[in-house]
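Undergrad: Sequence first, then the predicted structure, then my questions.
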Amino acid sequence: MRLAPLFVLVLAVLTAAARADTDVTPAVAKSPLLQSIASDVKPDELRAAIGKLVGFGTRHTLSDTTSNTRGIGAARRWVKGRFEEFSRHCNGCLQIDMPEQTVTGERIPQPAAIVDVLAIQRGTDDPDRIIVISGHIDSRVRDVMDAKSDAPGADDDGSGTAAVIEAARVLSKLKFRATLVYAVLSGEEQGLYGGKLLAQYARDHHWRVEAALNNDIVGNTLGTNGVKDASHVRVFSEGTRSTETPEQATRRRYNGGEVDSPSRNLARFVSGLADGYLTDFSVRMVYRTDRYSRGGDQVPMLAAGYPAVRFTEAIENYTREHEDVRTENGVRYGDVLDAVDFPYLAQVARLNAITMAALASAPPPPAEVKTEGAVSMDTKVSWTAVPGAASYRVWWRDTTAPQWSNSRAVGDATTLLLKDVNIDDWFFGVSSVSADGYESPIEFPGPAGAFNAAPGAAQEK
Ligand SMILES: [Zn+2]
């Protein structure tokens, strides 16, 4: 009899679970493909790439572009050469393009050419659906206009550039349904020019960008304060879309969606992959577009309406970034090679590579996700079918929960009535699943959450 209250409690919990009609979250099926991609990423490759980049002395955007040994021009041509080499090993699977734009600005007083180096690996099924990885090749010292002094930029952003090259090396050996774009950008430090050029290129080529993964400062593990963190990477994502209209904002403020932009659900997707595939390494999601009052090349992609996140090491070292190389009062300043933690950078590069492969192996997220059910005990979730999806999964979570918790597989249906799940009390989303089990990111209903990666999906104005 003394156990009765406990028994009643257990029954009550079971009854509540039944009422919420909650499936157990599916176990993450391990994909051998993603496991092999993760194991193919090598710290030594990353070390060699950054060593080479540092060897160009400075990669300042306004530095020498004609020398073959010093300056940003030589560095860009070296990256192009690496992409060409990978392409030779895959029967020309990479199309290499160097879009260029002459700009002037606050930090570019005389007209200068901004040149990005792009390698494009065409998808087999849906080549206009695009997954991008980016890093910036330009570097700087303390004076942002100093194009002459040595600016090794090993971490900022040799690390991100090396991650892009390593992703290209590993993934170009394989084929994917969607297109992968490896983007090495210029002009970041002078005003995000390379990111703007990439966004323009994407628009000009009618890319349906499902995800842009920007890697900037991803190789340091020792903080300015001496604290070490080699087991996390921060993934920054905007909460509400940069392209939201005032009408959309009004609806979103009322019904929710301020923590469910496609970029945020992309961050959740990345976090899940880290937990599923990497050892002693996880994502710290940050609910911000970027670090406080600082920027990166994901910002112009967001401004163009594309889902994008920024990867940055868990703890930064401010005596390294944007500094002249020197020793002062026993403190070493400058962004030098030996401060990069290559096993750590390899974890970040692995996470990027498996994210790209997982996204490109899955169908796009469902289009036009809708929920209905006001003044009803039940919620109806519906969506439009997308090519390549064999089935769909409806997800829901408590409105204050950071991660999706409950789900139901629905086969190839495009609607689900969730009995006794009240629309007022939960946030809902839907993912697409391929026949071989690759699941897309989860899309939150309406314009607040739309990825717009499916053919014909309404593009943001
Ligand atoms: Zn940077």
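TA: Great, that's in hand. Residues are numbered from 1 along each chain as shown.

Undergrad: What is the distance between stretch 374-394 and the centre of its chain?
TA: 25 Å (Cα atoms, centre = their mean, to the nearest Å).

Undergrad: In three-state terms, label Ala163 for me.
TA: With DSSP: H, G, I helix; E, B strand; the rest coil as the basis, the three-state label of Ala163 is helix.

Undergrad: I'd assumed Asn214 was in contact with it.
TA: No: look at Ala163 against Asn214 with Cβ atoms under 8 Å: they stay out of range, at 10.3 Å. Just so you know, the C-beta spots here come from the backbone N, C-alpha and C atoms, and that holds for glycine as well.

Undergrad: got any residues that touch both of these two?
TA: The contact sets of Ala163 and Asn214 overlap at Gly135 (Cβ atoms under 8 Å, 6 or more residues apart in numbering).

Undergrad: Strands along the stretch 1-150 of the chain, start to end?
TA: For the stretch 1-150 of the chain, strands defined by DSSP state E, counting those that start in this stretch occupy the ranges 94-97, 100-105, 108-115, 117-121, 126-136.

Undergrad: As CSV, these with mean pLDDT and distance to Ser67 would be great.
TA: Shown next, in CSV, are the strands of the stretch 1-150 of the chain (pLDDT from 0 to 100; distance: least, Cβ to Cβ, whole Å):
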stretch, mean pLDDT, distance to Ser67
strand 94-97, 98, 21
strand 100-105, 97, 18
strand 108-115, 97, 15
strand 117-121, 98, 17
strand 126-136, 98, 20
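
Undergrad: Go through those and name the closest to Lys175.
TA: Distance to Lys175, taken as Cβ to Cβ, is lowest for strand 117-121 among the strands of the stretch 1-150 of the chain, at 8.5 Å.

Undergrad: packing partners for that closest one?
TA: helix 72-88, strand 94-97, helix 160-171, strand 178-185 (3 or more Cβ pairs under 8 Å, 6 or more residues apart in numbering; DSSP states H and E).

Undergrad: Next one: the residue most central in space within the chain from the ion, what distance?
TA: Residue closest to the average C-alpha location in the chain (Cα atoms, centre = their mean): Leu213, at 2.8 Å. Per Cβ to the ion, to the nearest Å, Leu213 is found 15 Å from the ion.

Undergrad: low pLDDT regions in the chain?
TA: 1-29, 458-461 (pLDDT under 70).

Undergrad: need the residues of it near the ion, please.
TA: Applying Cβ under 5 Å from the ion, we find that the chain lies next to the ion at Asp156, Asp157, Asp216.

Undergrad: Helices of the chain, residue ranges please.
TA: 4-19, 32-40, 43-54, 72-88, 160-171, 188-191, 193-204, 246-255, 262-277, 298-303, 342-361 (DSSP state H).

Undergrad: hmm, back to that, give me the number of residues near the nearest residue to the residue nearest to the centre of the chain once chain neighbours are set aside?
TA: Nearest non-adjacent residue to Leu213, counting by Cβ to Cβ, 6 or more residues apart in numbering: Ile133, 4.8 Å away. Neighbour count for Ile133, taken as other Cβ atoms under 10 Å: 28.

Undergrad: Leu185 is in contact with Ile133, correct?
TA: No: proximity of Ile133 to Leu185 does not meet the contact threshold set by Cβ under 8 Å, at 10.9 Å.

Undergrad: Counting neighbours, which bits of stretch 65-77 end up buried?
TA: Using 16 or more other Cβ atoms under 10 Å as the test for burial, stretch 65-77 gives Thr65, Arg70, Gly71, Ile72, Gly73, Ala74, Ala75, Arg76.

Undergrad: that older thread, can you put the residues of the chain next to the ion in TSV and add neighbour count?
TA: Shown next, in TSV, are the residues of the chain next to the ion (neighbours: other Cβ atoms under 10 Å):
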residue	neighbour count
Asp156	28
Asp157	34
Asp216	29
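
Undergrad: how about TSV for the residues you listed, with distance to Pro262 added?
TA: Shown next, in TSV, are the residues of the chain next to the ion (distance: Cβ to Cβ, whole Å):
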residue	distance to Pro262
Asp156	27
Asp157	24
Asp216	20
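
Undergrad: Now render the helices and strands packed on strand 117-121 as CSV, adding distance to Gly429.
TA: Shown next, in CSV, are the helices and strands packed on strand 117-121 (distance: least, Cβ to Cβ, whole Å):
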stretch, distance to Gly429
helix 72-88, 36
strand 94-97, 34
helix 160-171, 27
strand 178-185, 20
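
Undergrad: out of those, which comes closest to Gly223?
TA: Of all the helices and strands packed on strand 117-121, helix 160-171 comes closest under Cβ to Cβ, at 18.7 Å.

Undergrad: So for Ala183, what's the nearest residue that isn't a sequence neighbour?
TA: Ser134 (4.1 Å).

Undergrad: ok, how many other residues are close to that neighbour?
TA: Count around Ser134 with other Cβ under 10 Å applied: 31.

Undergrad: dump the residue contacts of the residue nearest to the centre of the chain.
TA: Leu213 neighbours (Cβ under 8 Å, 6+ apart): Ile131, Val132, Ile133, Ser134, Val270, Ala308, Val309, Phe311, Asn352, Thr355, Met356.

Undergrad: distance of the first one from Leu213?
TA: So the one you mean is Ile131. 8 Å (Cβ to Cβ, to the nearest Å).

Undergrad: Can you pull the residues that touch both of those two?
TA: Common neighbours of Ile131 and Leu213 (Cβ under 8 Å, 6+ apart) are Met356.

Undergrad: Dihedrals phi and psi, the residue in the stretch 251-400 of the chain that the ion sits nearest to?
TA: Of all residues in the stretch 251-400 of the chain, Gly296 sits closest to the ion, at 6.4 Å by Cβ to the ion. Backbone torsions of Gly296, given as degrees, to the nearest 10, read phi -170, psi 180.

Undergrad: That one against Asp290, yeah?
TA: Yes: contact criterion Cβ under 8 Å: Gly296 and Asp290 qualify, at 5.4 Å.

Undergrad: Between these two, which contacts overlap?
TA: Arg310.

Undergrad: hang on, the earlier thing: what are the neighbouring residues in contact with the residue of the stretch 251-400 of the chain closest to the ion?
TA: Glu188, Leu192, Gly195, Asn214, Asp216, Asp290, Arg310.

Undergrad: Inside strands: which ones of those residues?
TA: Of those, the ones assigned to strands by DSSP state E are Asn214, Arg310.

Undergrad: which residues does the one residue in the stretch 201-350 of the chain that gets nearest to the ion contact?
TA: Going by Cβ to the ion, the ion is nearest to Asp216 of the stretch 201-350 of the chain, at 4.1 Å. By Cβ under 8 Å, 6+ apart, the residues touching Asp216 are Gly135, His136, Asp156, Asp157, Gly160, Glu188, Gly296, Asp297, Arg310, Phe311, Thr312.

Undergrad: go with 7 Å
TA: Taking Cβ atoms under 7 Å, 6 or more residues apart in numbering, we find Asp216 in contact with Gly135, His136, Asp156, Asp157, Gly160, Gly296, Asp297, Arg310, Thr312.

Undergrad: go on, Val325?
TA: Asp150, Pro152, Tyr333, Gly334, Val336.

Undergrad: let's see it at 10 Å
TA: Counting by Cβ atoms under 10 Å, 6 or more residues apart in numbering, Val325 touches Val141, Ser149, Asp150, Ala151, Pro152, Arg332, Tyr333, Gly334, Asp335, Val336.
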